[in-house]
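Novice: Output the structure for:
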Amino acid sequence: MGTSVAATVAVAVTVVLVLAGVTYAEIRTTLIVSDARPLILFEQFGFARGGKAALSIRRSAWRLRPGSRLTGVDPTLMGFVLISGAQFPKINNASEYAAADPGGNSGGGRFCVLTSGYAVPMIRLSDVPAGGATSILPIDDPDEYAVVFNNCQEGVEVTMDVRTEMYNVRGGVPDGRRDYLPVGLQPLPTIYTVVSAVFFALLVVWAWACLRRRATAERIHAVMGALLLFKALKMACAAEDTWYVERTGTPHGWDVAFYVFGFFKGVLLFTVIVLIGTGWSFLKPYLQEREKNVLMIVIPLQVIENLVLVVIGETGPTGRDWVVWNQLFLLVDVVCCCAVFFPIIWSIRALREASKTDGKAARNLHKLTLFKRFYVVVVGYLYFTRIIVSAFLALLSYRYQWGVNVAVEAASFAFYLFVFYNFHPVDKNPYLYVGDDEEESAGGQLEMDDRAF
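Specialist: Predicted structure coming up:
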C-alpha cells in the first residue's frame, strides 16, 4: 500500500499544480460510490485570511472489497483533510520514504496523510452520525489549500454524499460578503468583461470593413466574422459565469452558454486557420481533397475536445477518470494544433513551385512572405497558449493566477489582430496587384527564400 499511496500522492500533486485550474470553486455536491482510492481531491482554493472551508457529509457507508486481507474497517482511518500548497512536497517525500523503507517506520511501509501531521484534519468518518455532519474550518494562514479525502485502509470501499463550500470573506470580518472565487481569480469578471467588449468592438470594425469593401469581400471573411462573434459571446458568458460564482457559488446556467459558445468558437478558430492556410476563397474558390480531409479531421476532433472539456468542468477532480479526461483533452488539442500546420506548409510549397513556372515572381513573393508570417504566428500562438502558459501557471503564485488569463487573452487578441489585419478585404489585393517593376528583384528574393526556409 505504501507504493500505491506514494504514486497517488504524486498524481495528486501533479493535478493540483497543473490541472486543477480548470474549474472554479463552486458550491458542489458530490456522490462517491464504492470508491477504494486512497486519495480523492475534492477542491482547490486560494484563501485569504478569514476565509472558510465548509464540508458536509450527508451520509456515509463503507465495506470491505471482496478479497481484501483486512478483517474489519476502522473508520478513524478515513476522513477529510485540508492541505496547504507548501505541504504537498513534504507529503510526497514522506510517502516515497515510507514506500522505500517499509521496515523503518511503524506503519510497515504505509503512509497515511490523515495521521501524518502534514494536513489539517476536517472530519473523520467515525465522527459522522447517521444524520450527517458538517465541518467548518476558518483559515488563519492565507495559502492555496486542497480538500482531500484520505482512505488509509487498502481494500475498503467508501460511499458518501459530500457537499463542499469554499469562500473568502470580504474585509476579513465574520459578517462580510462571501466571495466564492479564489484569491487569485477574483479579478476574472472584470477581465472577461473588458475582453468581451474589445472583441465586440473588433467585430464592429470588421463588419464595417467588409461592408465598405463588399466588392472584394470573400466567403472566408464571413466565416472570420462569425469567429469574432462567438469569441465575444464566449467571453461575455465567462464574465457572467464568474460574476455569479463569485457572489452565489453557482453559475446560474451561464456555464451552459459558455460551453455552447466556446464550442462554436473552438470549431471556427481551427476552421479559419485551415481555410486561410489553404488560401480558400481569396486565392482559389475550392478545396483540394487533402485539404478537405484535414477539415474532416480537425472539426470532429474539436467536437470531441469541447465535449471532453464539458466533462472535465462538470465532474471535477473527484471523478475516477478525471486525470485521464485531462490527458485526452491535451492529446486531442495537440493533434488539432499539428493538423492545422499542413495546409499552410502545402500552400508555401505550392507557391514555391508556381514561382518557378508562372513568371510572376513579385506576386508569389507577396504570397510567400505573408504565408510564412502566418505560419510563424500560428506556431507561436499555439505554442504560447498550450505550453508557455502551463509553465507560467506552475511558477506563478496562487494570488496572481489571473495573470495567466490576461496573458492568454492578450496573446489571443494579438493573434486575431494579425490575422484579421493581414487578411481583410482590400480594394487592391496584394495577392493580385503588383507592379511590373517589382518582378526582377522579387525573382532573386524568391531564390534566396527557397534556400532559407
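
Novice: Quick one: residues contacting the nearest residue to residue 401 once chain neighbours are set aside.
Specialist: Once flanking residues are discounted, residue 401 sits nearest to residue 184: 3.3 Å by Cβ to Cβ, 6 or more residues apart in numbering. All C-beta atoms are positioned from the backbone trio N, CA, C, and that covers glycine. By Cβ atoms under 8 Å, 6 or more residues apart in numbering, residue 184 lies in contact with 46, 144, 397, 398, 399, 400, 401, 402.

Novice: Going along the chain from the helix or strand the second one falls within, find the next helix or strand for me.
Specialist: Counting by DSSP states H and E, the element that carries residue 144 is strand 143-151. Going down the chain from strand 143-151, the next helix or strand is strand 156-169, by DSSP H and E.

Novice: quick one: that next one to strand 143-151, angle?
Specialist: On the basis of axes from the mean of the first three to the mean of the last three Cα atoms, to 10 degrees, strand 156-169 is oriented at 160 degrees to strand 143-151.

Novice: Flag every buried residue along strand 156-169.
Specialist: 156, 157, 158, 160, 161, 162, 164, 165, 166, 167, 168, 169 (16 or more other Cβ atoms under 10 Å).

Novice: try stretch 312-320
Specialist: Going by 16+ other Cβ under 10 Å, stretch 312-320 has these buried residues: 312, 316, 317, 318.

Novice: What about these, which are in helices?
Specialist: Among these, the members falling in helices (DSSP state H) are residue 312.

Novice: Can you tell me which of the buried residues of stretch 312-320 lies closest to residue 126?
Specialist: residue 318 (21.4 Å; Cβ to Cβ).

Novice: among the contacts of residue 184, which two are most distant?
Specialist: 144 and 402, at 13.6 Å, using Cβ to Cβ across these.

Novice: Sketch out the low-pLDDT regions of the stretch 351-453 of the chain for me.
Specialist: By pLDDT under 70, the low-scoring segments of the stretch 351-453 of the chain are 351, 354-367, 427-453.

Novice: Could you list the low-pLDDT ranges of the chain?
Specialist: 1-25, 101-109, 172, 281-287, 351, 354-367, 427-453.

Novice: And the helices in it?
Specialist: Assigned by DSSP H, the chain shows helices spanning 2-14, 88-100, 188-212, 219-248, 254-278, 289-315, 322-339, 341-357, 361-383, 389-395, 402-422, 439-452.

Novice: Against which helices or strands is the shortest one packed?
Specialist: Using 3 or more Cβ pairs under 8 Å, 6 or more residues apart in numbering; DSSP states H and E as the contact criterion, the secondary-structure elements in contact with helix 389-395 are helix 402-422.

Novice: Check the fifth one too.
Specialist: Contacts of helix 254-278 with other secondary structure elements, assessed using 3+ Cβ pairs under 8 Å, 6+ apart, are made with helix 219-248, helix 289-315, helix 341-357, helix 361-383.

Novice: so which of those gets nearest residue 328?
Specialist: helix 289-315 (5.6 Å).

Novice: So for that closest one, what gets flagged as buried?
Specialist: So for helix 289-315, counting by 16+ other Cβ under 10 Å, buried means 291, 294-295, 297-299, 301-302, 305-306, 308-310, 312.

Novice: tell me the angle that helix makes with helix 341-357.
Specialist: 160 degrees.

Novice: And helix 289-315, how far out from the chain middle?
Specialist: 15 Å (Cα atoms, centre = their mean, to the nearest Å).

Novice: Number the residues from 616 up from this point.
Specialist: Noted, 616 is the first residue going forward, which turns the last one into helix 904-930.

Novice: same for that helix, what does it pack against?
Specialist: Contacting helix 904-930 under the criterion 3+ Cβ pairs under 8 Å, 6+ apart are the following elements: helix 869-893, helix 937-954, helix 956-972.

Novice: what's the closest of those helices to residue 814?
Specialist: Nearest of those to residue 814, taken as Cβ to Cβ: helix 869-893 at 10.1 Å.

Novice: Only the buried residues of stretch 823-841, if you could.
Specialist: 824, 825, 831, 832, 833, 835, 836, 838, 839, 840.

Novice: Assess the claim that residue 665 and residue 782 are in contact.
Specialist: No: if you go by Cβ atoms under 8 Å, residue 665 and residue 782 don't touch, sitting 10.2 Å apart.

Novice: Could you tell me how many residues sit around residue 940?
Specialist: Residue 940: 17 surrounding residues under other Cβ atoms under 10 Å.

Novice: That's all I had, so thanks and see you.
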